[in-house]
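Student: Build me a model from this:
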Amino acid sequence: MSKCKNCGVTIQDPVQVCPLCSCVLEQDEGDRTEMLYPYVHAEEGIKKMQRALGIYVIAAIAAEVILCMIDYAIRGPLGWVILIGVFLAYGYITLKVSIEMHTGYRLIVFIQAVLGVAVLFAIDVVSGFRGWSLTYVIPAACMLIDLGIVVMMIVNIRDWQSYIPFQLVIIAFSVLPFALYPFGLVTHLIVPMIGLTVAVMAFVGTMTIGGRRAREELYRRFHI
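Tutor: Residues are numbered from 1 along each chain as shown. As a prediction, this is how the structure comes out:
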């Protein structure tokens, strides 16, 4: 059992940071003694996974170097080597984020979605860049994440207000295609407009239904 000095709440889950404000939790001395044995094994498991992650990094770097040498020898296109490197980097970040459980599942899900969009953008660039990754993938990803946020709000109804910052980030990402449109990187604005509308409506709905509690969360997070 842990207690957050900032929020004043008691948390029974075995986490190191507060899910409300992300502050480091203060462990209760009695529970620390009782949970010493399972935590020792948990730390050993994390260390093993970190060692495995180190082996993955070495193997990935070696594989990328070998592929670069092969590509240079056969005078092939460099794009496929870059694409494989992107996938290897995606695998590394995915594993690292999954191991670092103290970041919280919300942030893990968000980072996974952003990395997925980045991989699809890399595929678009390597294949000649036709703009589909910016025109369709980003708005679609924003709408899917918004849907996931709404579902998680319903499931985790006691802590629903903690998802409001993620909704604001989604709105910012939804505006990105409009900023890129004048440069010709986005082909049209129909799908981005739908994505931005969904993001704004989800946020406005949260603020309307949440009422004072939602406004207090905004003030606590951003002082607005």
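Student: any idea which helix or strand carries the most centrally placed residue in the chain?
Tutor: Here the mean C-alpha position of the chain is nearest to the C-alpha of residue 111 (Cα atoms, centre = their mean), at a distance of 1.7 Å. Following DSSP states H and E, one finds residue 111 within helix 105-126.
Student: For that helix, name the packing helices and strands.
Tutor: With contacts taken as 3 or more Cβ pairs under 8 Å, 6 or more residues apart in numbering; DSSP states H and E, helix 105-126 sits against helix 79-99, helix 138-155, helix 164-180. Where you see a C-beta, it was placed from the backbone N, CA and C, and this is true even at glycine.
Student: of all those, which lies closest to residue 116?
Tutor: For those, proximity to residue 116 was assessed by Cβ to Cβ; helix 138-155 is nearest, at 7.1 Å.
Student: Check what contacts the closest one and list those residues.
Tutor: 106, 109-110, 113, 116-117, 160, 163, 166-167, 170, 173-174, 176-177, 191-192, 194-196, 198-199, 202, 206 (Cβ atoms under 8 Å, 6 or more residues apart in numbering).
Student: List every C-alpha atom in that helix, with coordinates, as PDB.
Tutor: Extracted in PDB, the C-alpha atoms of helix 138-155 (Å, rounded to 0.1, in the frame of the first residue of the first chain):
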ATOM      1  CA  ILE A 138      -2.800  10.100 -38.600                       C
ATOM      2  CA  PRO A 139      -6.600  11.000 -38.600                       C
ATOM      3  CA  ALA A 140      -7.600   7.400 -38.400                       C
ATOM      4  CA  ALA A 141      -5.100   6.700 -35.600                       C
ATOM      5  CA  CYS A 142      -6.400   9.800 -33.700                       C
ATOM      6  CA  MET A 143     -10.000   8.600 -34.000                       C
ATOM      7  CA  LEU A 144      -9.100   5.100 -32.800                       C
ATOM      8  CA  ILE A 145      -7.200   6.500 -29.800                       C
ATOM      9  CA  ASP A 146     -10.100   8.700 -29.000                       C
ATOM     10  CA  LEU A 147     -12.400   5.700 -29.100                       C
ATOM     11  CA  GLY A 148     -10.000   3.800 -26.800                       C
ATOM     12  CA  ILE A 149      -9.900   6.800 -24.400                       C
ATOM     13  CA  VAL A 150     -13.700   6.900 -24.200                       C
ATOM     14  CA  VAL A 151     -13.800   3.100 -23.500                       C
ATOM     15  CA  MET A 152     -11.000   3.400 -20.800                       C
ATOM     16  CA  MET A 153     -12.900   6.300 -19.200                       C
ATOM     17  CA  ILE A 154     -16.000   4.100 -18.900                       C
ATOM     18  CA  VAL A 155     -14.000   1.100 -17.600                       C
END
